[in-house]
Structure formats: structure tokens, C-alpha cells
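**Q** what's the 3D shape of this:
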Amino acid sequence: MTKEEIGERGLVLLGCGKMGGAMLKGWLDGGLTPGAVHVVDPHPAEWLGAAGVNVNAELPPDPAIVLIAVKPQMMADALPTLKGYGNGATLFVSVAAGTTIATCEEMLGGTTPIVRAMPNTPAAVGRGITAIIGNAHATPAHLDATEALLRAVGQVVRLESEDQMDAVTGLSGSGPAYVFHMIECMARAGEAQGLAPALAMQLAQATVAGAGALAEAADETPAELRKNVTSPNGTTQAGLEVLMDEATGLPPLMARTVAAAADRSRELRDG
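**A** Residues are numbered from 1 along each chain as shown. Have a look, this model is predicted:
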């Protein structure tokens, strides 16, 4: 599915909050024709009108893609309004957390091409990562089109099965919150060692952001990068001996953290 086809048939964006808005800005910056985009949102942001997209207007008869970016609790009310596009040539892409492909198929029709996606909040600054998986009716072309759209807000990976979404939720979906809390904890630890709160927070934020950028850009693995900055019997080694303790340090804590989030995702999925 080409950008030209999307431009001709149209793209419907159901929900344009923080995530939907971030994706839309990325698409427009990437050259998608504003007039081809149809936003459906009960409380549209003011910038949408100035962007030239269609807001709560008449929808195209056969859109190339419907991207669903509403909150999961709104899906039951929102999806049936688009059922007329189901079982046809329109591709549905859902970024609603916890809503399974089977649920979407029940609401839209069993032969509807559907791709489920799990982005994370750094998508708001174009640094997200999204995992995608399609149903039996989503073709390679559908997956390619979905990946092209979602690359507007960061990286995209493809899963082998929908069951992996729970692990993705526990790791990258919920993961930004873990990192934010680590920044909080690092700043508080700096304060405990005599730094002013604002200075401690600045140091913690910049350290985490810089280390993440380095880990992403470097050819070495994170383990190799860690070893490169750890001098024998130095300060970093002293800190890592606490952090890397297999019984009380970060390894078991992080394993329990991701497992708890993934388990909760499974509970919500299974009702």
C-alpha cells in the first residue's frame, strides 16, 4: 500500500489524543496529504484545523486505513461505528492497549484485515518503539504499510505471535515508567549525598538520557559498554556490586517488575 493509495482513498484516525496526535504530526511531516486524513475525536485539539486535516467530517467511502487510537475502555463504543468498513479492503490498525485481535474481529467482522500495535510513550517525541502483529487476513503489504506509518514515531518490530504482546507490554509498553522512576531514585540518592534537588535531578535526567542514546548508537552491547566504564576497584565497580547483586540487586527486581506487568496484561486480556 503506497502513500499515493492512502492519499487517494483516505486515512481515518479514530482518536487524536497524545498518541494519535504524535502519529499524525509524524505523517504530515513525512509528506502525507492533510486532506487525505479524517480525524474522528469528540474533543479535537485546536491545531488540527490549522493542519488542514478533516475533523469530524464526512468519512471516505473506502478508506485505505483506519487507525484506532482511542483508550481501551472506549473501544466497545467506538469500533461498532466503523463496522461498515469491516470485511473489506480497509486495513484496521489498533494501538489500543489490551484489546486483542479477536475482540476487534468480533466487532468488525471475521475477514477484516487487522494489525494490532503496541507503541510506548516516547513516541510523543519520535523516539518510541512499536511492536506489531497481524491477523490471518493482514497481508505482507498491510504489515509494510503499518510499519511505514508507525515509523513516523520511532522504531517498529514485528512479533511472531499475539501472545508476545503481554511480554512487550511488560517490557517496552510499561518500561518508560520504570526508567522515569529510576531517574527519581537516582536524583534522591544524589540529594542524600549532598547535592541540591534541582542539580541532582538534572544530573540524573541527563545521565539516563545520555546513556540511552549511547547504548542505541554504539556498536558494543550494553554489557560491553558497562565494562568499558568500570575500572577495577574503582567507584563504578563499587556501585555495580550493589546494583548487580543476583539476590538483592537490579536483576531479580527487574525480572519481578516486568513479570508483574506482563501478568497483569494477561489478566486484563483474559478478563
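
**Q** can you give me the strands in the protein?
**A** 11-14, 37-40, 54-55, 65-68, 91-94, 114-118, 128-134, 154-158 (DSSP state E).

**Q** closest one to Ser174 among these?
**A** For the strands of the chain, proximity to Ser174 was assessed by Cβ to Cβ; strand 114-118 is nearest, at 10.3 Å. For every residue, glycine as well, the C-beta is placed using N, CA and C.

**Q** Let me know the angle separating the closest one from strand 154-158.
**A** Orientation check (axes from the mean of the first three to the mean of the last three Cα atoms, to 10 degrees): strand 114-118 against strand 154-158 gives 120 degrees.

**Q** Numbering from 859 from now on, please.
**A** Got it, first residue is 859 now, which makes that one strand 972-976.

**Q** What helices and strands are in contact with strand 972-976?
**A** With contacts defined as 3 or more Cβ pairs under 8 Å, 6 or more residues apart in numbering; DSSP states H and E, strand 972-976 has these neighbours: strand 949-952, helix 959-966, strand 986-992, helix 998-1008, helix 1023-1026.

**Q** Buried residues, stretch 1048-1058. List them.
**A** Under the neighbour-count criterion of 16 or more other Cβ atoms under 10 Å, stretch 1048-1058 has Gly1048, Glu1049, Leu1053, Ala1058 buried.

**Q** Also stretch 1024-1038?
**A** For stretch 1024-1038, by 16+ other Cβ under 10 Å, it's Asp1024, Ala1025, Val1026, Thr1027, Gly1028, Leu1029, Ser1030, Gly1031, Ser1032, Gly1033.

**Q** Check stretch 1086-1105 too.
**A** Quick answer for stretch 1086-1105 (16+ other Cβ under 10 Å): Leu1098.

**Q** Go through the strands of the chain and pick out the most buried.
**A** When you average the neighbours per residue for each of the strands of the chain (mean count of other Cβ atoms under 10 Å), strand 949-952 leads with a mean of 27.

**Q** List the neighbouring strands of it plus their orientation.
**A** Looking at strand 949-952 with DSSP bridges, its partner strands are strand 923-926 (parallel), strand 972-976 (parallel).

**Q** can you give me the offset of that strand from its chain's centre?
**A** 15 Å (Cα atoms, centre = their mean, to the nearest Å).

**Q** Minimum distance to Gly1097: which of the strands of the chain has it?
**A** strand 986-992 (28.0 Å).
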